[in-house]
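Engineer: quick one, fold the following:
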Amino acid sequence: MGRRLGVLALVAFMASSAGCSKELLAGGQRGEVTTTMNDEPGSAAARSDGAAPSHLLRTVLPAGTGLQGTVQAEVQVVLLDEGGRADLIAPDGAATVRIGASDGTEIGSDSVYVGLYPTVRVTFSSVTADITGGLLGAGGLPILGRVTVQLTTPVTIDVPVALTVAARSEHEVSIDLNASTWLAAVDPATLTVPASAFRGAVEVRAE
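Structural biologist: Okay, here's the model as predicted:
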């Protein structure tokens, strides 16, 4: 009986040790990661895994005319370490970004244990844009008002980043919405954008 209890205690100890092995190896040392969201003008083109199909490009973004408005997004951001363990760095919450604004809006900041984080996981549960100018539909008619990205379920984007966090280091994860790319796929009749067009346009960087 005593031997059995000893084995059970050993198993329990090993399980608890596995859960905190990263913390033990890191010696409790942590670095700071801040998450920002922006809509930098002239950024890279859409990602290859979800660009808007050509038949959806119904709208025109005229040269010399700035797209005007704001984007509201509900987003969660986590870092995944080499073992797949998730560190939440930006909890579920709403943020508003001005279209064409390269300065980032902070949406979260937290400390994580030192080590290598190969992946950033960004999950959007809601995305809308309030357009006040610069977006034209067929025939040159202006498209104004609230545009909604069709997210029947949250959209999750896993991005390889290879972020190495050292003790007391400071890092930034930036999310570029690239609104002009996915807004070109808006349906003027319903003021909606396919989720695939949005997913294909968003860019995430970590440094």
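
Engineer: can you pull the poorly scored residue ranges out of this protein?
Structural biologist: By pLDDT under 70, the low-scoring segments of the chain are 1-27, 42-65.

Engineer: quick check: closest non-adjacent residue to the spatially most central residue of it.
Structural biologist: Nearest residue to the geometric centre of the chain (CA atoms, centre = their mean): Val122, 3.5 Å. The shortest distance from Val122 to any non-neighbouring residue, by CB to CB, 6 or more residues apart in numbering, is to Ile157 (4.9 Å). All C-beta atoms are positioned from the backbone trio N, CA, C, and that covers glycine.

Engineer: equivalent analysis for Pro142, please.
Structural biologist: Spatial nearest neighbour of Pro142, excluding adjacent residues (CB to CB, 6+ apart): Leu136 at 5.9 Å.

Engineer: the one you found contacts Ala184, correct?
Structural biologist: No. Between Leu136 and Ala184 there is no contact under CB atoms under 8 Å: 10.3 Å.

Engineer: which one's more surrounded, these two?
Structural biologist: Ala184 (20 against 16; other CB atoms under 10 Å).

Engineer: one step back: mind listing what's buried along the strand or helix carrying the residue nearest to Val122?
Structural biologist: If you go by DSSP states H and E, Ile157 is part of strand 155-165. By 16 or more other CB atoms under 10 Å, the buried positions in strand 155-165 come out as Val155, Ile157, Val159, Val161, Leu163, Val165.

Engineer: tell me what the residue nearest to Thr119 when sequence neighbours are not counted is bridged to.
Structural biologist: Nearest non-adjacent residue to Thr119, counting by CB to CB, 6+ apart: Leu80, 4.1 Å away. The partner list for Leu80 in beta bridges (DSSP bridges) reads Ala86, Thr119.

Engineer: who touches Leu80 in this structure?
Structural biologist: Ala86, Asp87, Tyr117, Pro118, Thr119, Val120, Arg121, Asp158 (CB atoms under 8 Å, 6 or more residues apart in numbering).
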